[in-house]
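Engineer: Build me a model from this:
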Amino acid sequence: MRLPTIALVLFSSLAASATEPTWRALFNGRDISGWKIVGANPLAYAAVEDGTLTGHMVRGTPEHTFFCTEESFGDFILELECFQTGGFNTGILFRCIETPPNATVRLHGYQVKIDPSPTRRWTGGIFDDYGRNWLWLQTLKDDERARSAYRFNEWARFRIEAVGRTLKVWVNGIPTAHLLHDKYTRGPIALKIHSFPATGDITQEKNLIRFRNIRILTADLARHAQPMDLPARVADPTQKILPKP
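Structural biologist: Numbering: from 1, shown residues only. The predicted model follows:
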């Protein structure tokens, strides 16, 4: 027996809606509702501009500044778009931990690096950002496909999947990191504006970072997780966090 056309259309619509992810927008494009500015002391520029979360490094800013979600997340899939100019040093932190008020950096956690170096090109790699110390957990050193995914002065789409100890990153649809690590389990998402010493090159103040179309998925993650042809890297637990040069 053939189903009526209306019934077929209804069935198809229900089937499609059952498989579509239920994304939630984290940024409304108008103000920082749902976000807070962390570490803006005293000068870093962090504001909503042209419908984007926009940051400028300002010379004389002694610490990193962050756009930070008020909500914490454990397992999630995050997508956002980023536009970076010049040598702006930034990254996407997640599962962050807040440090004491007297610390030099207010947040630490996993960071997906947005690399200001046009020669190294490690955008999409992951490191453990611990303020004035760091530990690269996965670089793009031997992956030319990943190193070519990101381009300055163009909008780029990032996708981060954090499910249990499995961390995956794509930049413009290209896999850049696949890591097994379990140091950080839950915390806010933060977008970094790097500190800028008083002796820094003042022309850097012209550079900026913009973020838009920020959305998150927290349900049915196994169903909506994407396959990745990049082999998983198991982080070496004996590696030590080193001072930044």
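
Engineer: so where do the helices sit in the protein?
Structural biologist: For the chain, the helices defined by DSSP state H occupy 5-19, 144-147, 221-224.

Engineer: Report the helix or strand with the lowest average pLDDT across the protein.
Structural biologist: Lowest by mean pLDDT, DSSP states H and E among the helices and strands of the chain is helix 5-19, with a mean of 49.

Engineer: which non-adjacent residue is nearest the most centrally placed residue in the chain?
Structural biologist: Centroid-nearest residue in the chain: residue 92, 2.8 Å away (criterion: C-alpha atoms, centre = their mean). Leaving aside its chain neighbours, residue 92 sits nearest to residue 112 (4.4 Å; criterion: C-beta to C-beta, 6 or more residues apart in numbering). Where C-beta positions appear, they are placed from N, C-alpha and C, glycine not excepted.

Engineer: any idea how far the one you found lies from residue 151?
Structural biologist: Residue 112 is 16 Å from residue 151, where distance means C-beta to C-beta, to the nearest Å.

Engineer: what do you get for residue 190?
Structural biologist: In terms of C-beta to C-beta, residue 190 sits 24 Å off from residue 151.

Engineer: Compare neighbour counts for those two and give me the winner.
Structural biologist: Just comparing residue 190 and residue 151: by other C-beta atoms under 10 Å the higher neighbour count belongs to residue 190, 28 against 14.

Engineer: wait, the more buried one sits on residue 67?
Structural biologist: Yes: Residue 190 is within contact range of residue 67, at 6.6 Å (criterion: C-beta atoms under 8 Å).

Engineer: pLDDT weak spots in this structure?
Structural biologist: The chain contains residues with pLDDT under 70 at 1-18, 40-43, 100-104, 131-133, 237-245.

Engineer: Contact partners for the residue nearest to the centre of the chain?
Structural biologist: Residue 92 makes contact with 78, 80, 82, 111-112, 114, 158, 160, 189-192, according to C-beta atoms under 8 Å, 6 or more residues apart in numbering.

Engineer: And for residue 169?
Structural biologist: 112, 124-126, 158-161, 175-178.

Engineer: and if we set it to 6 Å?
Structural biologist: Counting by C-beta atoms under 6 Å, 6 or more residues apart in numbering, residue 169 touches 112, 124, 160, 176-177.

Engineer: Distance from the chain centre to stretch 173-184, please.
Structural biologist: Centroid separation between stretch 173-184 and its chain, computed with C-alpha atoms, centre = their mean, to the nearest Å, is 12 Å.

Engineer: what comes up buried for it?
Structural biologist: Under the neighbour-count criterion of 16 or more other C-beta atoms under 10 Å, stretch 173-184 has 174-179, 181, 184 buried.

Engineer: Which of those lies at the shortest distance from residue 168?
Structural biologist: residue 178 (5.3 Å; C-beta to C-beta).

Engineer: Show me what that closest one bridges to in the sheet.
Structural biologist: Counting by DSSP bridges, residue 178 is bridged to residue 168.
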